[in-house]
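>>> below are the sequence and a predicted model; questions follow.
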Amino acid sequence: MKNTDPRESFSTALISWYLLNRRDLPWRENPTAYRVFMSEVMLQQTQASRVVPYYERWMKKFQDYSMVASACMDTLLLMWEGLGYYSRLHSLVNACKHIVKNHRGIFPSDYQEAISLPGVGPYTAGAVLSIAYNLPYPALDVNVKRVLARYCDIDAPVDRGPDALYRNKVLFFMPPGKAGTFNQSVMELGALCCLPRSPRCSECPVKGDCLALSRGSLEHRPRRVNRIHPRKRKILVAVILQNGNVFLRRRLKGGLWPGMWEFPHWEWDEDSGDEAVALQNFIFREHGMKPVFRNLLPSITCSYSGIRAIMVPFVFTLNTSQEIRGKDVYWSERSEIINMPIPSTHRKIADIVSFAR
DNA sequence: AAAACGTGGCT
DNA sequence: TAGCCAAGTTT
């Protein structure tokens, strides 16, 4: 007699498929709570393939919470550079400090304690507790929502409103004692098979019971409501040189690119006017320098959280008689720029500057 | 509740 | 090119 329990047929087929098809990702070897925690934070809003090199560098350098907690912030920022969402890093460091101080260096196995750690939300708490400790919590990310929205033909939007419906579905299907493997199976199906654009239904281990597939509603699952079209901006960037050194300033904690180094820049919202002069005035207001405009560098487009920007780099030189020093400003040698944590779009400009001639 | 927060690959 | 998308959390 074949098993016809809908819970078991889903999880059994899914786990069998997972054990055969899963990727050999580094955080899947020896999945201690520390290793899983570091990977889950890096993976937030990011694709696995992009995280791999960052994760391997991180694990080589930091083997436990106390090593992260005591590391130099610039070193940490440099290791995170390019991953984006830098507040994750600041939260992660604070979480590590908290675990060392209050949990004897052991990730808490209590859900409420876990979710109260900085940067740890429902997803990350569920992922660490299920994967590292095999505790029965959902790890509800967009992959899981997409798989369930299709398999159960759920119309509730995945990007707004309460998650209770989706969480209950996960718990309904979760087989006893296999929380970690089950959660990873659903996520992996979403990442490899139940893809956002063109799902590979012919390869799917649970296609036989997929409601969206049988009802023909696959195109409408998952349903989304939140669509923000990006606004355009033009940003004038100042590359100020003095004796061959490059002027950088450190951003404040909070907001965009917290704690990282950048070129001074000014958002340009006019239709016309002398951009170089406007930028020069800004530099004087902000930093008290009066550098001389020399030339332009190639413009760079970038986008982040609803903004599409074009960055226009202006090269200035500053007379040696003007001495500008300060806590959060720095004259970097060209060869040294590579060791400063700099956000991705500014890094492209920095590379031109540091490798020029 | 809605907006902020990065970045790069793909179509 | 412009839009969509990704192992979410915080305010």
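Perfect, I can see it now.
>>> note down every partner strand of the helix or strand of chain A with the lowest mean pLDDT and its orientation.
Sorted by mean pLDDT, DSSP states H and E, the helices and strands of chain A end with strand A:300-304, the least confident at a mean of 83. Strand pairing for strand A:300-304, using DSSP bridges, gives strand A:307-317 (antiparallel).
>>> list the buried residues for the helix or strand just after the partner strand?
Under the assignment DSSP states H and E, the closest C-terminal helix or strand after strand A:307-317 is strand A:329-332. For strand A:329-332, burial by neighbour count (16 or more other C-beta atoms under 10 Å) applies to A:330-332. (C-beta placed from N, C-alpha, C; glycine too.)
>>> break chain A down into its domains, please.
Per automatic domain parsing, the domain ranges recorded for chain A read A:6-220, A:231-355.
>>> which of those is buried the deepest?
domain A:6-220 (a mean of 17; mean count of other C-beta atoms under 10 Å).
>>> off-centre distance for that domain?
Distance of domain A:6-220 from the chain centroid (C-alpha atoms, centre = their mean, to the nearest Å) equals 13 Å.
>>> close to DNA strand B: what parts of the stretch 51-200 of chain A are there?
A:81-87, A:160-162, A:197 (C-beta under 7 Å from any atom of the strand).
>>> give me the subset of the residues you listed lying in helices.
residue A:87 (DSSP state H).
>>> okay, now the unreliable bits of the stretch 101-250 of chain A?
A:226-227 (pLDDT under 70).
>>> apply 80 and report the result again.
With pLDDT under 80 as the threshold, the stretch 101-250 of chain A has low-confidence stretches at A:161, A:226-230.
>>> which parts of chain A are helices?
Taking DSSP H as the criterion, chain A carries its helices at A:6-21, A:33-43, A:48-61, A:65-69, A:73-80, A:87-102, A:111-115, A:122-133, A:142-151, A:164-173, A:179-192, A:211-215, A:275-287, A:344-355.
>>> give me the pLDDT for the residue of the stretch 1-150 of chain A found nearest DNA strand B.
Closest to DNA strand B within the stretch 1-150 of chain A is residue A:84: 2.9 Å, counting by C-beta to the nearest atom of the strand. On pLDDT, residue A:84 comes in at 94.
>>> what does the one 5 residues further on give?
In this prediction, residue A:89 carries a pLDDT score of 96.
>>> for residue A:3, same thing?
So residue A:3 comes in at 59 (pLDDT).
>>> so what's whichever residue of the stretch 1-150 of chain A sits closest to DNA strand C closest to, chain neighbours aside?
Residue nearest to DNA strand C within the stretch 1-150 of chain A: residue A:121 (2.4 Å; C-beta to the nearest atom of the strand). Of all residues not flanking residue A:121 in the chain, residue A:115 sits nearest, at 6.7 Å (C-beta to C-beta, 6 or more residues apart in numbering).
>>> so who does the one you found touch?
Residues in contact with residue A:115 (C-beta atoms under 8 Å, 6 or more residues apart in numbering) are A:121-122, A:125.
>>> just send the residues you listed back as TSV, with distance to residue A:296 too.
As requested, these are exported to TSV (distance: C-beta to C-beta, whole Å):
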residue	distance to residue A:296
A:121	43
A:122	47
A:125	49
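>>> so what's the gap between stretch A:341-357 and the chain middle?
Distance, centroid of stretch A:341-357 to centroid of chain: 21 Å (C-alpha atoms, centre = their mean).
>>> so for it, mean pLDDT?
88.
>>> what would that stretch look like as CSV? C-alpha coordinates only.
Provided in CSV are the C-alpha atoms of stretch A:341-357 (Å, rounded to 0.1, in the frame of the first residue of the first chain):
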residue,chain,number,x,y,z
PRO,A,341,36.5,49.4,3.0
ILE,A,342,34.7,51.3,0.2
PRO,A,343,31.2,50.7,-1.2
SER,A,344,31.0,49.1,-4.5
THR,A,345,30.1,52.1,-6.7
HIS,A,346,32.8,54.2,-5.1
ARG,A,347,35.2,51.3,-5.5
LYS,A,348,34.9,51.4,-9.2
ILE,A,349,36.1,55.0,-9.2
ALA,A,350,38.8,54.2,-6.6
ASP,A,351,40.1,51.4,-8.9
ILE,A,352,40.5,53.9,-11.8
VAL,A,353,42.3,56.3,-9.5
SER,A,354,44.6,53.7,-7.8
PHE,A,355,45.6,51.9,-11.0
ALA,A,356,45.9,54.9,-13.2
ARG,A,357,49.3,55.3,-14.7
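>>> that one near DNA strand B anywhere?
Yes. Against DNA strand B, stretch A:341-357 shows contacts by C-beta under 7 Å from any atom of the strand at A:343-345.
>>> contact partners for the nearest residue to residue A:169 once chain neighbours are set aside?
Sequence neighbours aside, residue A:148 is the residue nearest to residue A:169 in space, at 5.0 Å (criterion: C-beta to C-beta, 6+ apart). Neighbouring residues of residue A:148 by C-beta under 8 Å, 6+ apart: A:154, A:166, A:169-170, A:186.
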